[in-house]
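A.B. asks: Show me the folded form of this:
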Amino acid sequence: MRTFYDLGINTDNIDKLRNMYITKPTKIQEQAIPLILKGKDIIGKAQTGTGKTLAFVLPLIQMLDENISIPQVLILTPTRELALQITTVVEELLKDSAFDVVSVYGGHDVEKQKNQLKNNAQFVVGTPGRILDHIREGSINFKNLKHVVIDEADQMMAFGFMEDLDLLFDKTPQKIQKMIFSATIPDMIRKLARKIMNNAINIDIDPESVVIDNIRQVVVRTTEERRLQSLEMALKEFKPFMAMIFCKSKERANELYDNMVNLRYDVEILHGDFSQNKRENIMKRFRELKFPFLVTTDISARGMDIDGITHVFNYDIPRQIEYYIHRVGRTGRAGEKGIAVSFVADKEVEQMKKIQKTVGISIPEVYDRSSDERKRMNIETLLEGKVKTKEVRYRKTTKSKPSLVNARKSGKKRTNPRKGSSK
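C.D. replies: Numbering: from 1, shown residues only. Okay, the predicted model is just below:
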């Protein structure tokens with residue numbers, strides 16, 4: 001494996017990466033960094049959890065011109081959450097430098113953002129609509145813009161941002177480096193790339209490597225009536241340190257959250273009905289380990305980099321196959337091991353088969369559809385899930401340093417019930 005130095009990253013940035021406990025480049029970083037440093041336009045197809053943020057942030061920081069104090073890099077994201085996360089990464093890498101970054105998105109004070117843009121930020125990270133607002137008001141100057149990144153491009157399309165992107169590229173310099181990163185590259189993204197890019201180089205990272213290599217997966221066959229009991233059983237057996245529990249809808253998430261609060265679990269909930277400030281506060285508290293369990297929907301399945309998530313529980317199987325990868329990709333990040341448990345009722349069996357066929361894996365199953373099946377359950381299979389195509393059996397760590405996966409002494413419950421947060 002090549003090192004960051006081999007890829008062209010300088011020693012100052014390598015030292016900063018080391019302080020972030022990042023020592024080896026991922027596949028997308030190996031392929032993208034040298035091309036970006038050469039000024040090439042690229043289309044990078046890579047799933048969440050592959051390290052694609054650093055794949056473009058690292059070389060772009062290294063290409064900044066100290067003599068230019070206005071924006072040189074524009075990173076476009078479909079959501080405010082992703083904009084904030086990328087901004088946090090850039091801030092960490094810009095420490096002790098002459099450069100600065102500002103995040104620009106809806107839901108926050110426009111005047112405050114205008115003031116930040118006046119303070120000579122070379123990096124701008126934001127959502128297309130708010131960036132266009134600042135262009136129209138003359139509060140952002142792109143005359144020295146040199147690089148543009150569209151991150152999570154397929155989500156841009158899904159959220160209806162394609163018209164905004166067309167308008168935005170009409171208002172930015174034409175002869176600049178452009179990069180598109182996305183989990184999928186649908187025809188509309190290809191069409192945009194042909195319009196705005198110059199001889200773009202395609203990078204395609206195998207999605208299977210995201211799901212298979214670092215994540216133990218297991219299916220718990222259950223019934224609709226026993227789904228909550230099956231989750232309780234799994235929390236008791238796995239003892240998660242930090243877990244995300246995904247539901248198929250906001251209504252389902254609200255229901256599960258209320259049930260878990262009544263069962264005295266230390267849990268929070270996050271979905272699209274929450275205000276921006278509330279969502280940011282919940283995510284901040286989750287990162288700070290203020291609570292171990294987050295019930296959520298697919299709003300959190302993509303673009304949220306949270307260190308330390310040891311387990312993902314699919315309370316419901318996602319309707320779209322790609323979201324299984326996105327959900328599971330919340331754990332097993334940056335070379336760490338993770339565990340993904342999916343609760344599958346009879347009506348979801350066919351969808352689970354499609355997921356395994358699409359991703360190219362076979363996931364072991366245990367049965368919890370009745371009290372008798374619970375008694376006969378093979379706990380070894382549950383706890384030591386094996387990805388058959390790789391023929392790898394993951395065992396409990398025997399190293400002196402405790403594994404986060406088994407670090408919590410028990411699935412943490414509240415000492416006293418608390419009222420649920422407003423939905």
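
A.B. asks: what about the strands in the stretch 251-400 of the chain?
C.D. replies: Taking DSSP state E, counting those that start in this stretch as the criterion, the stretch 251-400 of the chain carries its strands at 267-270, 293-296, 311-314, 338-344, 365-367, 386-387, 392-393.

A.B. asks: These: which one's closest to residue 70?
C.D. replies: Between residue 70 and the strands of the stretch 251-400 of the chain, the shortest gap by C-beta to C-beta is with strand 267-270, which sits at 35.8 Å. To be clear about C-beta, it is placed using only N, CA and C from the backbone, and glycine gets the same treatment.

A.B. asks: so how far is that closest one off the chain centroid?
C.D. replies: 17 Å (C-alpha atoms, centre = their mean, to the nearest Å).

A.B. asks: follow-up on the earlier one: can you redo the strands of the stretch 251-400 of the chain as CSV with mean pLDDT and distance to residue 188?
C.D. replies: Formatted as CSV, the strands of the stretch 251-400 of the chain follow (pLDDT from 0 to 100; distance: least, C-beta to C-beta, whole Å):
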stretch, mean pLDDT, distance to residue 188
strand 267-270, 95, 29
strand 293-296, 96, 28
strand 311-314, 96, 29
strand 338-344, 95, 30
strand 365-367, 93, 38
strand 386-387, 32, 34
strand 392-393, 28, 38
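
A.B. asks: For those strands, give me JSON lines that also has distance to residue 31 and mean neighbour count.
C.D. replies: As requested, the strands of the stretch 251-400 of the chain are exported to JSON lines (distance: least, C-beta to C-beta, whole Å; neighbours: other C-beta atoms under 10 Å):
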{"stretch": "strand 267-270", "distance to residue 31": "33", "mean neighbour count": "23"}
{"stretch": "strand 293-296", "distance to residue 31": "31", "mean neighbour count": "25"}
{"stretch": "strand 311-314", "distance to residue 31": "27", "mean neighbour count": "25"}
{"stretch": "strand 338-344", "distance to residue 31": "24", "mean neighbour count": "24"}
{"stretch": "strand 365-367", "distance to residue 31": "36", "mean neighbour count": "19"}
{"stretch": "strand 386-387", "distance to residue 31": "24", "mean neighbour count": "19"}
{"stretch": "strand 392-393", "distance to residue 31": "25", "mean neighbour count": "11"}
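
A.B. asks: can you list those in TSV and add distance to residue 141?
C.D. replies: TSV is the format used below for the strands of the stretch 251-400 of the chain (distance: least, C-beta to C-beta, whole Å):
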stretch	distance to residue 141
strand 267-270	36
strand 293-296	38
strand 311-314	42
strand 338-344	43
strand 365-367	58
strand 386-387	51
strand 392-393	53
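
A.B. asks: pretty sure residue 217 is in a strand, no?
C.D. replies: Yes - secondary structure of residue 217 (DSSP: H, G, I helix; E, B strand; the rest coil): part of a strand.

A.B. asks: gap between it and residue 341?
C.D. replies: 8 Å (C-beta to C-beta, to the nearest Å).

A.B. asks: show me what contacts residue 316?
C.D. replies: 246-248, 252, 343, 348 (C-beta atoms under 8 Å, 6 or more residues apart in numbering).

A.B. asks: Contact partners for the spatially closest residue to residue 369 that is not a sequence neighbour?
C.D. replies: In space, and not counting its chain neighbours, residue 369 is closest to residue 223: 5.1 Å by C-beta to C-beta, 6 or more residues apart in numbering. The neighbourhood of residue 223, defined by C-beta under 8 Å, 6+ apart, consists of 345-346, 369.

A.B. asks: Also residue 51?
C.D. replies: Neighbour list for residue 51: 25-26, 28-29, 334 [criterion: C-beta under 8 Å, 6+ apart].

A.B. asks: so how far is residue 117 from it?
C.D. replies: 29 Å.

A.B. asks: related to what we said a few turns ago, among the contacts of residue 316, which one has the lowest pLDDT?
C.D. replies: Least confident entry in these, by pLDDT: residue 248, with 89.

A.B. asks: so is the closest residue to residue 222 other than its chain neighbours in a helix, a strand, or just coil?
C.D. replies: Excluding its sequence neighbours, the residue lying closest to residue 222 (C-beta to C-beta, 6+ apart) is residue 230, at 4.1 Å. Secondary structure assignment for residue 230 (three-state DSSP): helix.

A.B. asks: for the one 5 residues further on, same thing?
C.D. replies: Using three-state DSSP, the secondary structure recorded for residue 235 is helix.

A.B. asks: Low-confidence stretches in the stretch 201-350 of the chain?
C.D. replies: 207-213, 276, 299-305, 322, 334-335 (pLDDT under 70).

A.B. asks: Can you give the distance of stretch 109-120 from its chain's centre?
C.D. replies: 27 Å.

A.B. asks: coming back round to it: now list the buried members of the contacts of residue 223.
C.D. replies: 345, 369 (16 or more other C-beta atoms under 10 Å).

A.B. asks: correct me, but residue 337 touches residue 309?
C.D. replies: No - with contact defined as C-beta atoms under 8 Å, residue 337 does not count as touching residue 309 (11.4 Å).

A.B. asks: And the two? Which one has more around it.
C.D. replies: Comparing residue 337 with residue 309 by other C-beta atoms under 10 Å, the one with more neighbours is residue 309, at 25 against 16.

A.B. asks: surely residue 10 meets residue 61?
C.D. replies: No - contact criterion C-beta under 8 Å: residue 10 and residue 61 do not qualify, at 9.7 Å.

A.B. asks: can you list the contacts of residue 223 in a markdown table and add distance to residue 234?
C.D. replies: Compiled in a markdown table, the contacts of residue 223 are given as follows (distance: C-beta to C-beta, whole Å):
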| residue | distance to residue 234 |
| --- | --- |
| 345 | 15 |
| 346 | 19 |
| 369 | 14 |
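
A.B. asks: do you know how far the residue lying closest to residue 16 once chain neighbours are set aside is from residue 236?
C.D. replies: Closest residue to residue 16 apart from its sequence neighbours, by C-beta to C-beta, 6+ apart: residue 93 at 5.5 Å. Distance of residue 93 to residue 236, computed by C-beta to C-beta: 41 Å.

A.B. asks: Could you check which of these two has the larger neighbour count?
C.D. replies: Neighbour count, other C-beta under 10 Å: between residue 93 and residue 236, residue 93 has more, with 22 against 10.

A.B. asks: and the more buried one, how far is that from residue 110?
C.D. replies: Where residue 110 is concerned, residue 93 sits at a distance of 27 Å (C-beta to C-beta).
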